[in-house]
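Colleague: coords please:
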Amino acid sequence: MERVIHPALLGRLPEGSLEVRRSQRELRRINCLMGNFGWFRRQLRRRLREFTRGVEIGAGAGALGRLLYLDPRLRDKLCLTGIDRVGRPASWPLPWEWRREDVREFAGWGDYPLVLANLVLHRFADQDLGRIGQALDQSCRLLLAVEPARRGLHLSELRLLRFFGLSRAAYEESRAGIRAGFLGAELVEALGLSARRWRFDVEITFRGAYRLIAERH
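Modeller: A predicted model of the protein is given here:
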C-alpha cells in the first residue's frame, strides 16, 4: 500500500465543537486499544534517571500528558512541554508548559533531550519530516514515537470498530492515519537520522502500532 497523506479531518472542524470532542474521546479509546499510552509510560519509567525534561509534539487534547502526570512514579520526576497548533487543553497538567506552535516552525528543540510523538508524524510529508529530523539531530537524545502501521490488516480491524459504533469522523481520521502510516525503516529514513549517531528499534504490533525508539549513541 502506497503512503498517502490527507489533511487531518479534525483540523477542519470548529475547535471545541461537539463532533471534535466526541472524536477525541473515540481516538483516546483507539489509543488504549493500540496500547500506545501504556507503551510510553513503560518506556519512560525505564529511563527516569536519564531523561526528565522533554516535549510532546502534536500533543492535541493532552490525553497522553495527563496520563503520564497522573502516574506517581513519573509526576515528580518528569517535566513535559506540550506543543500543538491548538490552544492549551483543560486536561494538560497545570505545572507543565504548553506552547501553541506548529512543530515545523518550532525553534526551541535545544531545551529538550526527550521528544515524544504520538500519532502525529504520519501527518507530515517526507520533506517536513526531514526538517524535523534535522532539528532532532541537533539536540534530541531520545525519540519515542508511535504511528499507525500501514497495513491492510489494520484497515480491516478499523472497519470492525466502525461496526461496533465508531463515529464516522473518528473512522475517517483513523483510516487516513493508517494510509499515511509507516512500515520498516520508513520513518527513520524520512527523518534522516544516521545509524552512525543513533540506535533504532522498530516494532509493529498486531493492534496496528508502529513503535520507534531512536536513541543517540
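Colleague: Does V115 belong to a helix, a strand or coil?
Modeller: When classified by DSSP: H, G, I helix; E, B strand; the rest coil, V115 comes out as strand.
Colleague: That one: what's it in contact with?
Modeller: 54-57, 109, 136, 140, 142-144 (C-beta atoms under 8 Å, 6 or more residues apart in numbering). Glycine gets a C-beta too; all of them are placed from N, C-alpha and C.
Colleague: Taking these together, which two end up most distant?
Modeller: Across these, the longest distance by C-beta to C-beta is 15.3 Å; it joins W109 and L144.
Colleague: more crowded one of those two?
Modeller: L144 (22 against 19; other C-beta atoms under 10 Å).
Colleague: Could I get the contacting residues of the more buried one?
Modeller: Contacts of L144 by C-beta under 8 Å, 6+ apart are 40, 43-44, 114-117, 212-213.
Colleague: CSV for those residues, including distance to D128?
Modeller: Output for these, formatted as CSV (distance: C-beta to C-beta, whole Å):
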residue, distance to D128
F40, 23
Q43, 25
L44, 26
L114, 21
V115, 15
L116, 18
A117, 13
L212, 17
I213, 22
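Colleague: Now those in CSV, please, with extra columns for pLDDT and distance to E2.
Modeller: Below are the contacts of L144 laid out as CSV (pLDDT from 0 to 100; distance: C-beta to C-beta, whole Å):
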residue, pLDDT, distance to E2
F40, 98, 29
Q43, 96, 30
L44, 96, 34
L114, 96, 33
V115, 97, 28
L116, 98, 28
A117, 98, 22
L212, 98, 20
I213, 98, 26
